[in-house]
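[1] Turn this into a structure:
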Amino acid sequence: MTSEYRDSRHAPAWRAGVRRGPGGLGVAFLFMLCLVSAMAHSADLPGVTLPGSQQFTLHSPETGGDYLIQVGVPEAAPPAEGYPVLYVLDGNARFALVQSARETLSRHGPFDAGSPLLIVAIGYPDTPRFDLRRRTEDYTPPAPGLAASGGPGDGPQGGAARFLAFIERRLKPLIDERFTVDHEREALFGHSYGGLFALHVLLTRPESFDRYIAISPSLWWNEDYLLTQLPERPIDGAPGVTAPRVLIGVGGREQTPRPGEQGTVRGERRRANAMVDNARTMAERLQSLAPRWQTRFVLFEGEDHGSVMWPATRRALAFALDEPARAKWD
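    Numbering: from 1, shown residues only. Here you go, the predicted structure:
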């Protein structure tokens, strides 16, 4: 049986356009931030800086590209063991959302202000939201048949190993130099192709992070390649290595054609991509193959591929800050 959680709390308020309670502060803040940022861009004014944040550009010899790194630094000093860290993919589009959600939930919600979370968002310079070409290369696994993978455009694919090498060899050591970090509480958070990358790292280098959060993972990519790579035998893990924890989530409407898409190529593609079925299947297989990973599946009722990031971000933050007993492989 799949350990499944259905989150429908946000769906009615989303459709009604109403935000109740403290969570509305974060939504309002983010809306104002996006509005001001858009006005500044159109009027060629200086951009907006989020309080408690810093950013820098970091070059990667592994991929040959530059990355925009945005860091959300908690107001509180690091605990004795260091800050838990949430590494966020698609940083250009996601940093403001995750930063705002952390501040709102820490100040007005259920999170313990004494458990601060360091946010490290990985994006691309001179990119408003998504660099589709570069993220396609960075987030997709090395695999045969890339030309027929179904990925958008005709850009390069299969660079996930190089991108992970950049994170491990360049980014993590730099974060360690600048901040006090708890190396047993490092989480990776990705959506869509970013979710595909997170699961690829989990299956190939599970020791890289302690927690993996894959929201709406693009498991349809390259004819369900990642699902076909799951081993038949149980995953025992390496001796003495902390068993990672895994959260896989997806919007309940992600494989249902939207109004007007019935019978269209786009609508059939949504069905064929099977976002919900594939995410649930991956979670079930991981629960069976690696029970110590404590894999959790969450279905966000009423949410589509884009809107799912609102409730999923809240779940991701709670997942990153939760402190269960740390199980290690024998």
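[2] Quick one: distance of stretch 69-78 to the chain centre.
    Stretch 69-78 sits 18 Å away from the centroid of its parent chain (CA atoms, centre = their mean, to the nearest Å).
[3] cool, and stretch 311-327?
    Distance, centroid of stretch 311-327 to centroid of chain: 12 Å (CA atoms, centre = their mean).
[4] and what of stretch 220-233?
    That offset, for stretch 220-233, works out to 20 Å (CA atoms, centre = their mean).
[5] in this protein, which spans are helices?
    Along the chain, counting by DSSP state H, helices occupy 11-16, 23-42, 91-108, 132-139, 160-166, 172-178, 193-204, 221-228, 265-273, 275-289, 309-321.
[6] Hmm, V201 and E168 touching each other?
    No - if you go by CB atoms under 8 Å, E168 and V201 don't touch, sitting 9.8 Å apart. Where C-beta positions appear, they are placed from N, C-alpha and C, glycine not excepted.
[7] So for the two, which residue has more residues nearby?
    Legend: neighbour count by other CB atoms under 10 Å for E168 and V201, higher for V201 (25 against 14).
[8] which stretches of the stretch 51-200 of the chain aren't confidently modelled?
    Along the stretch 51-200 of the chain, the parts satisfying pLDDT under 70 run over 52, 107-115, 147-154.
[9] which residues are in contact with both of E168 and V201?
    Residues touching both E168 and V201 (CB atoms under 8 Å, 6 or more residues apart in numbering) are S208.
[10] circling back to that earlier point, just the helices of the chain: most buried one?
    Across the helices of the chain, averaging neighbours per residue (mean count of other CB atoms under 10 Å) puts helix 193-204 on top, at a mean of 25.
[11] Which strands and helices lie in contact with that helix?
    helix 132-139, helix 160-166, strand 181-191, strand 211-215, helix 221-228, strand 245-251 (3 or more CB pairs under 8 Å, 6 or more residues apart in numbering; DSSP states H and E).
[12] quick one: the residue nearest to L199 when sequence neighbours are not counted from Y193, how far?
    Excluding its sequence neighbours, the residue lying closest to L199 (CB to CB, 6 or more residues apart in numbering) is A214, at 5.0 Å. Plainly put, A214 is 11 Å away from Y193 if you go by CB to CB, to the nearest Å.
[13] The residue positioned nearest the centre of the chain pairs with what?
    For the chain, the residue nearest the mean C-alpha position is G190 (2.0 Å; CA atoms, centre = their mean). Residues in a beta bridge with G190, per DSSP bridges, are A214.
[14] what's the distance between it and P259?
    The gap separating G190 from P259 is 29 Å, by CB to CB.
[15] which ones are touching the residue nearest to the centre of the chain?
    Listed by CB under 8 Å, 6+ apart, the contact set of G190 reads V88, L89, D90, Y139, L196, F197, A198, I213, A214, I215, P217.
[16] could you dump those to TSV with distance to L105?
    Converted to TSV, the contacts of G190 look like this (distance: CB to CB, whole Å):
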residue	distance to L105
V88	15
L89	21
D90	21
Y139	27
L196	27
F197	25
A198	22
I213	16
A214	21
I215	17
P217	24
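[17] tell me which of those residues is nearest to Q157?
    Proximity to Q157 was ranked across the contacts of G190 by CB to CB; first place goes to Y139, at 9.0 Å.
[18] Distance-wise, check S53 relative to E103.
    Distance of S53 to E103, given as CB to CB: 10 Å.
[19] whoops, I248 was the one
    26 Å.
[20] Same check on V71?
    V71 sits 14 Å away from E103, going by CB to CB.
[21] what about P51, how many neighbours?
    P51 has 9 nearby residues by other CB under 10 Å.
[22] list the contacts for it?
    Per CB under 8 Å, 6+ apart, neighbours of P51: none.
[23] Hmm, L289 is touching P231, no?
    Yes - with contacts counted by CB under 8 Å, L289 reaches P231, the gap being 6.6 Å.
[24] Pairing partners for I69 in the sheet, please.
    I69 has these beta-bridge partners by DSSP bridges: F56, I122.
[25] That one against P125, yeah?
    No - the pair I69 / P125 is not scored as a contact, 10.0 Å apart, by CB under 8 Å.
[26] Neighbour count: these two, which is higher?
    The neighbour comparison of I69 against P125 (other CB under 10 Å) goes to I69, with 20 against 13.
[27] For L35, give me the pLDDT.
    For L35, the model assigns a pLDDT of 43.
[28] Equivalent analysis for D330, please.
    Note on D330: pLDDT of 35.
[29] The closest residue to E261 other than its chain neighbours and H191, how far apart?
    Excluding its sequence neighbours, the residue lying closest to E261 (CB to CB, 6+ apart) is G267, at 3.3 Å. According to CB to CB, G267 stands 22 Å off from H191.
[30] for L226, same thing?
    For L226 relative to H191 (CB to CB), the value is 15 Å.
[31] cool, and W220?
    Per CB to CB, W220 is found 15 Å from H191.
[32] who's more crowded, these two?
    Between W220 and H191, counting by other CB under 10 Å, H191 is the more crowded of the two (27 against 21).
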